[in-house]
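Visitor: I would like the atomic coordinates for the input below:
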Amino acid sequence: LSLGRLMDSLGSSADSVRRRLTRSGSSLGVDQFRLQQVLWSATALLLVLTAGGLAALARSVNVPALILLCLMATVAGAAARDWWLTRAVAKRLSRIEAQLPDVVELLALAVGPASTLVNLRRAEFSAETMVHGVFPGIVVGMAVGGRDAIIPGGAVCAALIAASLTAASRRPRSSEATTAVLLTAFFSLGIVISLRIGDMSGQLESLMFGRLLDITPSRMWTSAAVLAVAGLLLLATWRAQIAVAFDREAAGVSGIPVTWIDVAFNAALGAIVVAASTAVGVLLVVGYLIVPGAFGRLLASGTRAMAALAALSALVGGWAGFGVALLRAPRPLSPQACVALGVLACFAFGCVIRKLRDAPAGRDEASAGSQDSLTVRETVRETGAVAGSDLSSARETARETGESAGRERETARETWASQLLMAGEAS
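Guide: Got it, this is the predicted structure:
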């Protein structure tokens, strides 16, 4: 369009329009936006011509001035549509900045204990299965009732996956094989359903990677309620969860209902996955379930401190990633990917702190080891000297004992000979 080229020359480039359309959450393309600018320009031109015609009925009109006003109205109409887009972006970002930290905080509070238990149970594969297993329910819910039906649809699949994982945990030998079958079956089913429906106008990518900037207040409060229930369930069974995580057999012998504790753990895990999938997507939520717990284990000395550090890393990483996503960049940044990378950055920072903290201890151990080896060498040297002197003394004693025995034998021989001589003289 010639108007599009004109707006490009005035500073409203296609890249700028595309970036602002993305930030505003609009589904329009650049060409469609340019068409709307044409309509706004035509409307402004029509208004000027109508006013000029009415003025001409009353008195004479300066035709060159009217033509100039028409040109100015045409440009002003397109510029007004561009300004309206910029205003929509600003309003949306201000709304997101006001409500999204609440979502990140609630997610961090629920993820803290959940990620800790995932790490202690070594249930990362089960968490991955839960994340991929709810995908069919999310797809069906999206197709049937839109985004507001994602949580109910995902909850149905989460319940099935939780029951299956609980049954598989009672057979440790076949647990991993069963988990792999569940992951493959449910995720494949979700992909097939999504493609069968027709990808729902490009919503497959949205379901897999989320749209953090498209959270409405109603979905935010629904997710908050689900996250609160999941967190309270884990806190209510925290002692039993820790006992089962460290030793299942001993927990069962002590009277803890291991099966019901597994049900509570898997149900809370499924609730967190379903609630977080609307924001960060079903693929990126696995990072929230695994990485914070690993961060807590690097630095914590107990399970409670581990859960607190896990929640802190999820909170700080979420805030940092969201702040990066709001920065101006040549290309729009994915907010959910920035949030996931923020959590990973916290984990990397934790690795550095752990390395620095262990370095003095390593030097002390090395110094103590060298002192111990020196002491051992001195001890061996002194022991060898003592053993040498003892051996010399033993040799001298043996030599003196041998000489004494020889003298006794000579005396005995002389005595026996004199006795024989006296016996012969007597005879």
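
Visitor: please report phi then psi for A300.
Guide: phi -90, psi 160 (degrees, to the nearest 10).

Visitor: residues in contact with the residue lying closest to it once chain neighbours are set aside?
Guide: Leaving aside its sequence neighbours, A300 sits nearest to M306 (Cβ to Cβ, 6 or more residues apart in numbering; 3.7 Å). (C-beta placed from N, C-alpha, C; glycine too.) By Cβ atoms under 8 Å, 6 or more residues apart in numbering, the contact list for M306 reads T116, N119, G293, G296, R297, A300.

Visitor: tell me if I'm right that the fifth one and V118 touch.
Guide: Translated: R297. No: R297 is beyond contact range of V118, at 10.7 Å (criterion: Cβ atoms under 8 Å).

Visitor: between those two, who's got more neighbours?
Guide: V118 (27 against 18; other Cβ atoms under 10 Å).

Visitor: wait, that one touches P292, no?
Guide: No: using Cβ under 8 Å, V118 is not in contact with P292; the gap is 9.3 Å.

Visitor: quick check: mean pLDDT across the helix or strand encompassing the residue nearest to A300?
Guide: In the assignment (DSSP states H and E), M306 maps to helix 303-325. Across helix 303-325, pLDDT averages out at 86.

Visitor: flag every buried residue along it.
Guide: If you call a residue buried by 16 or more other Cβ atoms under 10 Å, then helix 303-325 has these buried ones: 303, 306-322, 324-325.

Visitor: now do stretch 32-52
Guide: F33, R34, Q36, Q37, V38, W40, S41, A44, L45, V48, G52.

Visitor: tilt between the helix or strand containing V285 and helix 303-325?
Guide: V285 belongs to helix 258-299 when elements are defined using DSSP H and E. Interaxial angle of helix 258-299 relative to helix 303-325 (axes from the mean of the first three to the mean of the last three Cα atoms, to 10 degrees): 70 degrees.

Visitor: and G137, how far from E176?
Guide: G137 sits at a distance of 24 Å from E176 (criterion: Cβ to Cβ, to the nearest Å).

Visitor: meant to ask about P335, not that
Guide: Using Cβ to Cβ, we find P335 at a distance of 34 Å from E176.

Visitor: ok, the two, which is more surrounded?
Guide: P335 (22 against 12).

Visitor: doesn't A320 make contact with the more buried one?
Guide: No: in terms of Cβ under 8 Å, P335 does not count as a neighbour of A320; the distance is 11.9 Å.

Visitor: quick one: neighbours of G252, just the number.
Guide: Neighbours around G252, by other Cβ under 10 Å: 15.

Visitor: tally of neighbours for the closest residue to it other than its chain neighbours?
Guide: Closest residue to G252 apart from its sequence neighbours, by Cβ to Cβ, 6+ apart: V258 at 4.9 Å. V258: 18 surrounding residues under other Cβ under 10 Å.

Visitor: equivalent analysis for L54, please.
Guide: L54, neighbours per other Cβ under 10 Å, totals 10.

Visitor: what score does it have for pLDDT?
Guide: L54 is given a pLDDT of 75.

Visitor: for it, give me its contacts.
Guide: Under the criterion of Cβ under 8 Å, 6+ apart, L54 has no contact partners.

Visitor: ok, now how distant is it from T74?
Guide: 19 Å.

Visitor: can you check what angle separates the regular element (helix or strand) spanning V89 from helix 303-325?
Guide: Element membership of V89 [criterion: DSSP H and E] is helix 63-121. If you take the same axes, to 10 degrees, helix 63-121 sits at 160 degrees to helix 303-325.

Visitor: which helices and strands does the following helix or strand past helix 63-121 pack with?
Guide: As assigned by DSSP H and E, the chain's next helix or strand after helix 63-121 is helix 124-133. Counting contacts by 3 or more Cβ pairs under 8 Å, 6 or more residues apart in numbering; DSSP states H and E, helix 124-133 is packed against helix 63-121, helix 150-169, helix 175-197, helix 258-299.

Visitor: if you set the cut-off to 6 Å instead, what comes out?
Guide: When contacts are defined as 3 or more Cβ pairs under 6 Å, 6 or more residues apart in numbering; DSSP states H and E, helix 124-133 packs onto helix 150-169, helix 175-197, helix 258-299.

Visitor: with respect to R18, which of these lies nearest?
Guide: Closest approach to R18 among the helices and strands packed on helix 124-133 (Cβ to Cβ): helix 258-299, 22.0 Å.

Visitor: now, which of the buried residues of stretch 32-52 sits nearest L68?
Guide: Distances from L68 to the buried residues of stretch 32-52, taken by Cβ to Cβ, are shortest for V48, at 10.1 Å.

Visitor: not counting sequence-adjacent ones, nearest residue to that closest one?
Guide: A73 (4.2 Å).

Visitor: in terms of contact, does that neighbour touch A44 like I think?
Guide: Yes: with contact defined as Cβ atoms under 6 Å, A73 counts as touching A44 (4.1 Å).

Visitor: who are the contact partners of R297?
Guide: N119, M306 (Cβ atoms under 6 Å, 6 or more residues apart in numbering).

Visitor: so how far is V17 from it?
Guide: When R297 is compared with V17 (using Cβ to Cβ), they lie 47 Å apart.

Visitor: do the same with A162
Guide: Counting by Cβ to Cβ, the gap from A162 to V17 is 46 Å.

Visitor: same check, this time on W221
Guide: From W221 to V17 the distance is 33 Å (Cβ to Cβ).
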